[in-house]
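**Q** what follows is a predicted structure for the sequence shown.
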Amino acid sequence: MVPLAVVTAIVMLVGWFPLSAIWHQQSELNSTSAQINAIKSQQRALTLQAKSIDSKSAAILLAREQYQLVSTGQSLIQVLPGIGPNDVDQSIGDPGLQPLVSPSSVSSLVTPGHSTTSRHHSSAKAFLSRLVRTLEFWR
């Protein structure tokens, strides 16, 4: 009878013991402790960084390097890179870097046979027609 009672007790213990719940809780505890360790290491790094910029000179240096701030009475001048000799297409970028056009070559830019007055009249007619079409809803 005693061996039967021991076997029954073992079966009941194995059947009702929440082994999967304990296993799941242990894995959650492990992941949470890993997150806590990562946050503690970040906190140590930030504390060291705060101590390194605690002085006034370090704060001024940080303000100049990362935020382009200057002291009172100073002015900030930024020198932008220009077009180097290796850049082939100079039409891209600042139009002030393009070469100047000499006055003698301006006449070659205007094609013969086209007058500016005909363009003016056609653009005026186009404007009037657009205006009339726009105002047609008033009828």
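**A** That came through fine.
**Q** wait, what's in contact with Leu62?
**A** By Cβ atoms under 8 Å, 6 or more residues apart in numbering, the contact list for Leu62 reads Ile53. The way it works is simple: take the backbone N, C-alpha and C, and place the C-beta from them, glycine included.
**Q** count the residues that sit near Ser75.
**A** Residues contacting Ser75 under the criterion other Cβ atoms under 10 Å number 5.
**Q** average pLDDT for stretch 29-43?
**A** Stretch 29-43 carries an average pLDDT of 97.
**Q** just how off-centre is it within its chain?
**A** Centroid displacement of stretch 29-43 relative to its chain, using Cα atoms, centre = their mean, to the nearest Å, is 29 Å.
**Q** likewise stretch 20-35?
**A** Relative to the centre of its chain, stretch 20-35 is centred 37 Å away, using Cα atoms, centre = their mean.
**Q** same question for stretch 50-69.
**A** For stretch 50-69, the distance to the chain centre is 23 Å (Cα atoms, centre = their mean).
**Q** stretch 75-83 too?
**A** 22 Å.
**Q** CA atoms only for it, dumped as PDB, please.
**A** Output of stretch 75-83 as PDB, limited to C-alpha atoms (Å, rounded to 0.1, in the frame of the first residue of the first chain):
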ATOM      1  CA  SER A  75      30.900  85.900 -35.300                       C
ATOM      2  CA  LEU A  76      30.700  82.600 -37.000                       C
ATOM      3  CA  ILE A  77      32.100  82.200 -40.500                       C
ATOM      4  CA  GLN A  78      31.600  79.000 -42.400                       C
ATOM      5  CA  VAL A  79      33.700  78.400 -45.500                       C
ATOM      6  CA  LEU A  80      31.900  76.200 -47.900                       C
ATOM      7  CA  PRO A  81      33.800  73.900 -50.300                       C
ATOM      8  CA  GLY A  82      34.100  75.100 -53.800                       C
ATOM      9  CA  ILE A  83      34.300  73.300 -57.100                       C
END
